[in-house]
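Participant: fold the following and give me the result.
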Amino acid sequence: MQFKNPEILYFLFFLIIPILIHLFQLQKFQKVAFTNVRLLKEIKQQTRKSSQLKKILILLSRLFLFISLIFAFAQPFFNNEKRPINKETFIYIDNSFSMQAKGKSGEILQMIKTDLIKNLSKKESNITVITNNQVYKNLNTTALKNDILKIDYHPIKKELQSVLLQIQNLQNRKNKARNNILLISDFQNINKMSNEMNFDSLTNYSIVQTLPNNFENIAIDSVWIKDQNKESIKIKAVIKSHQFAIKNLSVSLFLGDRLFGKTTVDVNNNSQAEIEFSIPNQKSIQGKLSLNDNKLEFDNKLYFNIKDNERTKVLAIGEKSNFLSKIYTDDDFIFTSTSLRNLDYSAISKQEVIVLNELKKFTIPLIKTLHNFIANEGNIVLIPSLESDITSYNKLFSDLDLGKIKKLKHDKKVVTTINYSHPFFKNVFQKQISNFQYPMVQSFFETNLKTATPLLQFDDKSNFISEIKLTNSKFYWIAAPLNSNNTNFISSPLVVPVFYNFSLKKNVQKQLFYTIGHKNEITQNTNTQNDGVVHLVKKGTDFIPLQRKTSNYITIKTDIYPLTDGIYQVKSNGNVIQNIAYNYSRDESNLVYYPIDKFVGKNKNITYFNTTNNAIKQINDQYKNQNLWQLFIIFALMFLGIEIILQKFLKN
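Facilitator: You can find the predicted model right below:
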């Protein structure tokens with residue numbers, strides 16, 4: 001028991017006064033003569049005993065009365081829990097976009113902030129507030145209110161397991177008290193819960209699941225190019241409904257800041273619908289799709305960027321072949337052909353694909369230059385010659401660690417097998433072909449290649465065209481010369497998709513946007529100098545992403561940044577290299593929640609609440625003192641009543 005006013009207890013010393021009065025206030029009895037002496041002696045003895053008992057009882061009642069009053073003014077109290085003063089409380093507030101959903105009094109996140117500021121009045125313990133993007137440590141009452149007011153929505157939802165690990169790292173390891181952890185979230189299904197999560201048995205957990213009034217929502221989910229020609233581009237988008245049906249939903253398309261068009265769509269409950277727009281095929285297109293609803297706001301718009309066709313640089317070294325120039329046309333490629341004698345070695349580093357077409361011999365300078373080209377993520381296609389110097393070829397193969405060429409063999413073979421499962425042929429064939437005209441060769445080279453994957457095979461299952469993956473690039477080996485005297489392959493339907501796909505290392509399918517919070521890798525053809533740093537820039541935002549450079553490319557990697565959606569410019573030395581569209585993840589659009597109350601029932605130190613107020617009340621009650629002064633007032637009144645009874649009913 002403790003006292004708020006312990007100095008009042010000094011008045012207990014004054015209780016000696018009534019005790020002294022009782023001891024020295026002795027009655028003197030006078031002797032009176034009477035005839036029956038024996039009877040008078042008995043009456044005298046009984047009267048003395050009853051008088052002394054009454055006085056002692058009255059004295060005790062008065063003493064207890066004064067003691068009770070003194071204790072009441074000293075205000076005694078008990079602590080609810082024996083705990084160290086430095087007991088910690090950690091509060092996790094989920095400030096992800098799903099917390100924009102409406103509750104009874106408005107947006108859920110705003111309701112949580114109001115409840116915390118209004119009710120959290122704990123004074124003696126340290127409070128640490130954790131959100132998806134911030135940590136506020138050791139807050140007092142004033143700092144707590146200010147920092148909670150600063151909390152805003154964040155596009156990346158933190159996994160609950162990560163939150164628990166973060167709290168464990170923040171806890172004072174020297175403090176062995178049962179700390180309080182308050183977890184406030186809507187606990188969507190995307191935030192997985194499991195019994196293997198790091199719930200500490202020495203910690204009190206309070207889990208508050210804040211659910212909206214209704215779970216309806218509608219969102220723009222994705223956009224892609226359906227068709228494209230020189231005049232126009234057809235784009236399609238998907239509108240998804242979650243527990244909501246709507247007719248004549250208006251969807252707007254903006255190109256830049258200008259409204260380009262509108263359309264309407266009917267969406268059934270828990271289904272999706274597609275919309276389509278046709279837009280002019282311009283040099284560069286920055287677009288935005290937008291819809292209006294009164295549900296979640298973050299998924300009502302979707303940004304996209306359609307960039308210019310980047311032509312792949314292809315250099316053919318060796319014999320002149322007309323079939324290469326017919327495949328690598330100016331629409332998609334910058335094609336250059338040169339003989340080895342007229343080769344400008346400095347031009348190799350500026351290419352993306354090198355086709356070594358029937359060279360008879362490899363010189364040492366060419367081998368070194370090709371090695372550097374491979375190291376800088378360039379692709380090489382090697383077509384041998386019937387007059388190939390196998391020694392110089394093997395020098396190149398040895399330098400690139402490819403294996404070796406054995407010998408030239410004059411034997412007729414037919415190409416019969418296509419490796420349909422290989423990613424090289426993805427989207428090339430609608431179905432597997434079994435009755436096409438098989439190409440044939442008159443002569444071919446036998447090889448022993450390392451880690452080679454077959455793309456096309458002869459009828460004896462030996463490789464005709466092989467792919468060898470190197471660290472940052474690919475090497476393609478064709479086992480036979482492709483001149484018309486040796487093969488009819490260049491006349492077959494396979495030649496175009498095969499040589500076209502040789503150049504697809506950087507010419508990947510257009511991605512119209514990237515998702516914030518996901519691991520994104522964006523490769524751009526650029527002439528940025530080696531010391532140039534690339535920035536991602538939007539109005540009010542400028543940051544430097546992770547980046548890797550080669551002689552022709554720069555690869556940008558983004559993860560948690562940027563934090564806001566929109567069209568960003570990729571800049572280097574003040575020049576705009578390209579535009580990139582970023583959008584928020586749509587994972588939180590579906591308002592489906594985990595049954596957290598069932599999970600909590602399996603853990604004794606976890607308490608479930610459906611409101612923040614109830615959880616805070618429980619935490620505050622741990623710090624409320626159990627006051628006893630009212631009890632001592634009752635004792636004082638009780639002893640006063642006892643004295644009155646003694647005075648009135650107990651006779652001497």
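Participant: show me the shaky parts of the stretch 51-200 of the chain.
Facilitator: The model of the stretch 51-200 of the chain has pLDDT under 70 over residues 51, 77-87, 120-125, 141, 172-178, 191-198.
Participant: tell me where it has helices.
Facilitator: With DSSP state H, counting those that start in this stretch as the criterion, the stretch 51-200 of the chain has helices at 108-119, 141-150, 160-170.
Participant: name the stretch among these that sits most buried.
Facilitator: helix 108-119 (a mean of 19; mean count of other C-beta atoms under 10 Å). From N, CA and C alone the C-beta is placed, and that goes for glycine too.
Participant: circling back: for G574, find the nearest of the helices of the stretch 51-200 of the chain.
Facilitator: helix 141-150 (33.8 Å; C-beta to C-beta).
Participant: okay if I get the helices of the stretch 51-200 of the chain as CSV plus distance to K102?
Facilitator: Output for the helices of the stretch 51-200 of the chain, formatted as CSV (distance: least, C-beta to C-beta, whole Å):
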stretch, distance to K102
helix 108-119, 7
helix 141-150, 20
helix 160-170, 23
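Participant: for those, which one sits closest to S491?
Facilitator: helix 160-170 (59.3 Å).
Participant: tell me what the closest one is packed against?
Facilitator: strand 88-93, strand 126-130, strand 135-139, strand 180-185 (3 or more C-beta pairs under 8 Å, 6 or more residues apart in numbering; DSSP states H and E).
Participant: 7 Å instead?
Facilitator: strand 88-93, strand 126-130 (3 or more C-beta pairs under 7 Å, 6 or more residues apart in numbering; DSSP states H and E).
Participant: any idea how far it is from the chain center?
Facilitator: Distance of helix 160-170 from the chain centroid (C-alpha atoms, centre = their mean, to the nearest Å) equals 14 Å.
Participant: then stretch 137-152?
Facilitator: Worked out by C-alpha atoms, centre = their mean, stretch 137-152 lies 23 Å from the chain centre.
Participant: can I get that stretch as CSV, trimmed to CA atoms?
Facilitator: Extracted in CSV, the C-alpha atoms of stretch 137-152 (Å, rounded to 0.1, in the frame of the first residue of the first chain):
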residue,chain,number,x,y,z
LYS,A,137,10.0,6.2,-30.0
ASN,A,138,9.4,7.0,-26.3
LEU,A,139,6.7,9.5,-26.7
ASN,A,140,5.2,11.6,-23.9
THR,A,141,1.6,12.8,-24.0
THR,A,142,2.3,16.0,-26.0
ALA,A,143,4.6,14.3,-28.5
LEU,A,144,2.2,11.4,-28.9
LYS,A,145,-0.6,13.7,-30.0
ASN,A,146,1.6,15.6,-32.4
ASP,A,147,3.1,12.5,-34.0
ILE,A,148,-0.2,10.7,-34.4
LEU,A,149,-1.7,13.7,-36.2
LYS,A,150,1.2,13.4,-38.7
ILE,A,151,0.3,9.9,-39.7
ASP,A,152,-0.9,9.7,-43.3
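Participant: just name the most buried of the helices and strands packed on helix 160-170.
Facilitator: Taking mean count of other C-beta under 10 Å, strand 88-93 is the most buried of these, at a mean of 24.
Participant: please name the nearest non-neighbouring residue to D115.
Facilitator: T612 (4.1 Å; C-beta to C-beta, 6 or more residues apart in numbering).
Participant: contact partners for the nearest residue to I8 once chain neighbours are set aside?
Facilitator: Leaving out its chain neighbours, the residue that sits closest to I8 by C-beta to C-beta, 6+ apart is A74, at 4.0 Å. A74 sits next to F3, N5, P6, I8, L9 when contact means C-beta atoms under 7 Å, 6 or more residues apart in numbering.
Participant: from the residues you listed, pick the one nearest E358.
Facilitator: Nearest member of the contacts of A74 to E358, counting by C-beta to C-beta, is F3, at 102.4 Å.
Participant: my read: K571 touches H535, true?
Facilitator: Yes. Counting by C-beta atoms under 7 Å, K571 touches H535, with 4.8 Å between them.
Participant: and I317, what are its bridge partners?
Facilitator: Residues in a beta bridge with I317, per DSSP bridges, are T338, L356.
Participant: for it, list the residues it contacts.
Facilitator: Residues near I317 by C-beta under 7 Å, 6+ apart: T338, L340, L343, I354, L356, N357, L359.
Participant: check it and give its pLDDT.
Facilitator: According to the prediction, I317 has pLDDT 92.
Participant: ok, back up a step: closest one to L637 among the helices and strands packed on helix 160-170?
Facilitator: strand 88-93 (39.9 Å).
Participant: quick check: closest non-adjacent residue to L289.
Facilitator: Excluding the flanking residues, the one nearest L289 by C-beta to C-beta, 6+ apart is L302, at 4.7 Å.
Participant: and for Y205?
Facilitator: The nearest residue in space to Y205 (C-beta to C-beta, 6+ apart) is I606, at 4.3 Å.
Participant: now the one you found: how far from L402?
Facilitator: Per C-beta to C-beta, to the nearest Å, I606 is found 59 Å from L402.
Participant: those two - which one has more neighbours?
Facilitator: For I606 versus L402, the count of surrounding residues by other C-beta atoms under 10 Å is larger for L402: 24 against 18.
Participant: isn't the more buried one up against S466?
Facilitator: No. Contact criterion C-beta under 7 Å: L402 and S466 do not qualify, at 9.6 Å.
Participant: just checking, next helix/strand downstream of the helix or strand bottoming out on mean pLDDT in the chain?
Facilitator: The least trusted helix or strand in the chain, going by mean pLDDT, DSSP states H and E, turns out to be strand 626-627, with a mean of 60. Moving toward the C-terminus from strand 626-627, the next helix or strand (DSSP states H and E) is helix 629-649.
Participant: domain assignment for the chain?
Facilitator: 2-79+627-649, 88-214+592-624, 217-307, 312-502, 514-583 (automatic domain parsing).
Participant: hang on, the earlier thing: point out the least confident member of the contacts of A74, please.
Facilitator: Ranking these by pLDDT, F3 lands last with 65.
Participant: other residues contacting stretch 534-548?
Facilitator: Against stretch 534-548 from outside (C-beta under 7 Å, 6+ apart): 528, 533, 554-558, 561-562, 564, 566-572.
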